[in-house]
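Colleague: here is the input, now give the coordinates:
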Amino acid sequence: MKLSQYIYSVVHREGHGHLKPYYHDLRPYLKRRYKRRVKKGLRKSRRIFKPRGPSLENRPIVVGERKRVGDWETNTVESVGHKRGLNTLVDRKSGLVIISRLKDRTSQATTEAIAKRLRN
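Modeller: Numbers count the residues shown, from 1 in each chain. Below you'll find the predicted structure:
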């Protein structure tokens with residue numbers, strides 16, 4: 001048995017990490033420290049977020065000042081259950097908001113919705 005397994009078994013033996021009187025607290029030496037165990041099916045997966053496209057920090061200064069009409073910001077809102085959602089277009093100067101429903105969650109559907117709304 002590894003030392004870390006022994007420490008975990010001692011810590012969790014008396015019910016969720018409560019220690020016996022006069023025993024040294026070994027939890028600071030563990031990898032998870034004071035965290036309780038989580039059942040295998042309930043663990044959250046950790047995804048690494050990699051933004052696509054250009055950064056907002058690299059946009060022109062004129063757009064950041066909000067002095068001209070026609071600089072649009074777009075955002076996609078997902079619905080419950082990761083089904084189709086909404087696309088919002090916001091004019092940065094006037095605050096005009098255009099909301100359109102998407103057919104599905106693809107980039108092609110988003111592009112079509114934006115092009116259709118800006119044509120009208």
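Colleague: check what contacts stretch 76-95 and list those residues.
Modeller: The contact list for stretch 76-95 (Cβ atoms under 8 Å, 6 or more residues apart in numbering) reads 63, 66-75, 96-105, 109-110, 113-114, 117-118. Where C-beta positions appear, they are placed from N, C-alpha and C, glycine not excepted.
Colleague: one more: stretch 47-63?
Modeller: 68, 71, 92.
Colleague: so who does the second one touch?
Modeller: It stands for D71. 62-63, 91-93.
Colleague: biggest separation within those residues, which pair?
Modeller: V62 and D91 (14.2 Å; Cβ to Cβ).
Colleague: so for the two, which residue has more residues nearby?
Modeller: D91 (16 against 10; other Cβ atoms under 10 Å).
Colleague: tell me what that one is bridged to.
Modeller: Beta-bridge partners for D91, by DSSP bridges, are W72.
Colleague: distance of it from V63?
Modeller: Taking Cβ to Cβ, to the nearest Å as the criterion, D91 is separated from V63 by 11 Å.
Colleague: report pLDDT for H12.
Modeller: H12 carries a pLDDT score of 61 in this model.
Colleague: now render the contacts of stretch 47-63 as JSON lines, adding pLDDT.
Modeller: Shown next, in JSON lines, are the contacts of stretch 47-63 (pLDDT from 0 to 100):
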{"residue": "R68", "pLDDT": "89"}
{"residue": "D71", "pLDDT": "88"}
{"residue": "R92", "pLDDT": "88"}
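Colleague: want to throw those into a markdown table with distance to G85?
Modeller: Formatted as a markdown table, these follow (distance: Cβ to Cβ, whole Å):
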| residue | distance to G85 |
| --- | --- |
| R68 | 29 |
| D71 | 23 |
| R92 | 22 |
